[in-house]
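# Here is a sequence together with a model predicted from it:
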Amino acid sequence: GAGVSQSPSNKVTEKGKDVELRCDPISGHTALYWYRQRLGQGLEFLIYFQGNSAPDKSGLPSDRFSAERTGESVSTLTIQRTQQEDSAVYLCASSLVSGGVSNQPQHFGDGTRLSIL
Amino acid sequence: GEDVEQSLFLSVREGDSSVINCTYTDSSSTYLYWYKQEPGAGLQLLTYIFSNMDMKQDQRLTVLLNKKDKHLSLRIADTQTGDSAIYFCAKKQDPDKLIFGTGTRLQVFP
């Protein structure tokens, strides 16, 4: 079946512009996560959605970052007034359920490489 | 907060075993994962272990967990050039975040 799909795969934009990144999770996955990967670094958690619960936004680095999710499907990550330090790969992941002792591994998309000029 | 650390580089000869190490700070019971990232791609889940286990083997992969030392390792037997990639260890943090190490770049040479 299809994996996690992200678009666009690459995005180049000028400083100060807004960008919108899209994630299509695996069908049936209730949990969805966004991470940021700066060049040569590990992944930083940004936000996650679980069903109809309020999202955990604790990783968003500033109020220029926001994310939405429609039900248990598509999610968009929006960065307003982009800065050069926003340049990174933005990775989306999904899993069947969230939390608890049960293990439901996160499956990742290929990411969107964002470059701010 | 939780901190996960890895060495940055590892270079091995094809056919040898590779051992990638990871240390963490929080000893709470949870899952620990190994992911592989090839150039321009997302993360591929390789294997995982729950913190009440000491070892898990899956074909060429062996995960060892030393809870006392908070040390996790991934051993790849008979390393091939196709194993060249960045390997991330990650620790699940309640409720469901993953805390990642900085990644270890494995280079396999003939």
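Yep, that arrived. Just so you know, these numbers come straight off a predicted model, no measurement behind them. Numbering: from 1, shown residues only, chains lettered A, B, ... in the order given.

# hey, which helix or strand in chain B has the poorest pLDDT?
The weakest-scoring helix or strand in chain B, judged by mean pLDDT, DSSP states H and E, is strand B:97-100 (a mean of 88).

# now the residue nearest the centre of chain A, which residues is it bridged with?
Using C-alpha atoms, centre = their mean, the residue of chain A that lies closest to the mean C-alpha position is A:W34, 2.7 Å off. Judged by DSSP bridges, the bridge partners of A:W34 are A:I47, A:C92.

# rewinding a little: the next helix or strand after the least confident helix or strand of chain B vs chain A: in contact?
Downstream of strand B:97-100, the next assigned helix or strand under DSSP states H and E is strand B:104-109. No - Strand B:104-109 lies out of reach of chain A by C-beta under 8 Å from any C-beta of the partner chain, never closer than 9.2 Å. (Glycine included, C-beta is placed from N, CA and C.)

# Could I get the buried residue list for strand B:104-109?
Neighbour-count burial for strand B:104-109, counted by 16 or more other C-beta atoms under 10 Å in any protein chain shown, picks out B:T104, B:R105, B:L106, B:V108.

# Report pLDDT for A:S102.
At A:S102, the model reports a pLDDT of 55.

# of all the residues in chain A, which ones are close to chain B?
Residues of chain A lying near chain B by C-beta under 8 Å from any C-beta: A:4, A:6, A:31, A:33, A:35, A:40-45, A:48, A:50, A:56, A:59, A:91, A:93, A:95, A:98-99, A:103, A:105-111.

# buried subset of those?
Taking 16+ other C-beta under 10 Å as the criterion, what is buried in the residues of chain A next to chain B is A:4, A:6, A:31, A:33, A:35, A:42-45, A:48, A:50, A:56, A:59, A:91, A:93, A:95, A:98, A:105-111.

# In contact with residue 5, which residues are there?
Answering for chain A, as no chain was given. By C-beta atoms under 8 Å, 6 or more residues apart in numbering or on different chains, the contact set of A:S5 is A:C23, A:D24, A:G109.

# look at chain B instead
B:E5 sits next to B:C22, B:T23, B:Y24, B:G101, B:T102 when contact means C-beta under 8 Å, 6+ apart.

# Check the gap between the nearest residue to B:N21 once chain neighbours are set aside and chain A for me.
In space, and not counting its chain neighbours, B:N21 is closest to B:S73: 5.0 Å by C-beta to C-beta, 6 or more residues apart in numbering or on different chains. Per C-beta to the nearest C-beta, to the nearest Å, B:S73 is found 17 Å from chain A.

# and B:S73, that's in a helix?
No - counting by DSSP: H, G, I helix; E, B strand; the rest coil, one finds B:S73 to be strand, located in no helix.

# list the buried ones in the helix or strand containing A:A67?
A:A67 is located in strand A:65-69, with elements delineated by DSSP H and E. In terms of neighbour count (16+ other C-beta under 10 Å), strand A:65-69 has its buried residues at A:F65, A:A67, A:R69.

# Need the pLDDT of the last one.
As summarised for this prediction, A:R69 has a pLDDT of 94.

# close enough to count as contact, it and A:C92?
No - under the criterion of C-beta atoms under 8 Å, A:R69 makes no contact with A:C92, lying 10.5 Å away.

# Now do the shared contacts for these two.
A:L32, A:S75.

# show me where chain B has helices.
Using DSSP state H, chain B contains no helices.

# Residues of it that sit close to chain A?
B:4, B:31, B:33, B:35, B:40-45, B:48, B:50, B:88, B:90, B:92, B:94-103.

# No further questions, thank you.
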